[in-house]
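[1] Got a predicted structure plus its sequence, pasted below:
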Amino acid sequence: MTLRSKLPRRPQPSSIPSKAMAILLTLLAALLPVHAWAATATTTFTVSATVLSICTVAALPLNFGNYDPTSGSALDGTTTVTATCTLSLPYTIGLDNGVNASGSQRRMALLTAFLNYELYKDASRTQRWGNSGAELASGTGNGLAQNLTVYGRVAGGQAVAAGAYVDVITVTITF
């Protein structure tokens with residue numbers, strides 16, 4: 001007899017307990033939350049936009065109504081210029097002298113007859129609203145429409161013929 005034959009035999013592992021172990025591990029894996037074995041990865045991306053420096057301007061007509069040349073009184077009227085500019089954007093608005101001006105004198109025309117008038121930045125009608133320097137109106141955009149009042153005055157006592165007088169003013173916004 002050899003030494004090998006005298007040693008007690010070690011039992012061989014049975015295939016049944018390994019199958020049971022595999023089933024048990026499978027059941028445990030099914031019952032455990034999935035995130036326990038989940039992996040993650042991250043990345044980033046840039047979001048951007050360019051805000052433009054932009055302004056728009058609009059104006060309503062100024063209708064003085066009926067002028068009585070015999071009264072000697074001035075005729076006042078108002079209208080609105082609307083500026084819409086990007087937030088914090090400074091701007092200026094100028095009004096030219098119109099298409100019938102004589103030098104810096106604004107005039108409405110009826111054929112070859114003229115009716116003098118003026119446009120102002122203030123209600124007391126002391127600050128002429130023109131197209132350069134201190135005559136410009138200025139503001140800073142807030143992203144919304146901003147209304148600026150134009151104060152007009154037809155000088156009293158002008159000897160003019162009856163009829164409808166007109167002029168056209170160009171509004172310029174600079175930003």
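    That came in fine, so what should we check first?
[2] quick one: contacts of the helix or strand harbouring Asn116?
    Using DSSP states H and E, Asn116 sits in strand 113-120. Here strand 113-120 makes contact (CB atoms under 8 Å, 6 or more residues apart in numbering) with 62, 64, 67, 95, 100, 102, 105-109, 125-129, 150-155, 158, 160-161, 163, 165, 167, 169. C-beta here means a position set from N, CA and C on the backbone, and glycine is covered the same way.
[3] Give me the buried entries from the residues you listed.
    62, 64, 67, 95, 100, 106-108, 129, 150-154, 165, 167, 169 (16 or more other CB atoms under 10 Å).
[4] Narrow those residues to those in strands?
    Leu95, Arg106, Arg107, Met108, Val150, Tyr151, Gly152, Arg153, Val154 (DSSP state E).
[5] Switch those residues over to a markdown table; also include pLDDT.
    Below are those laid out as a markdown table (pLDDT from 0 to 100):
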| residue | pLDDT |
| --- | --- |
| Leu95 | 98 |
| Arg106 | 98 |
| Arg107 | 98 |
| Met108 | 98 |
| Val150 | 98 |
| Tyr151 | 98 |
| Gly152 | 98 |
| Arg153 | 98 |
| Val154 | 98 |
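[6] which among those gets closest to Thr80?
    Val150 (7.0 Å; CB to CB).
[7] Report the contact partners of the residue most central in space within the chain.
    Taking CA atoms, centre = their mean as the criterion, Gly143 is the residue nearest the geometric centre of the chain, at 4.2 Å. Listed by CB under 8 Å, 6+ apart, the contact partners of Gly143 are Thr84, Cys85, Thr86, Leu87.
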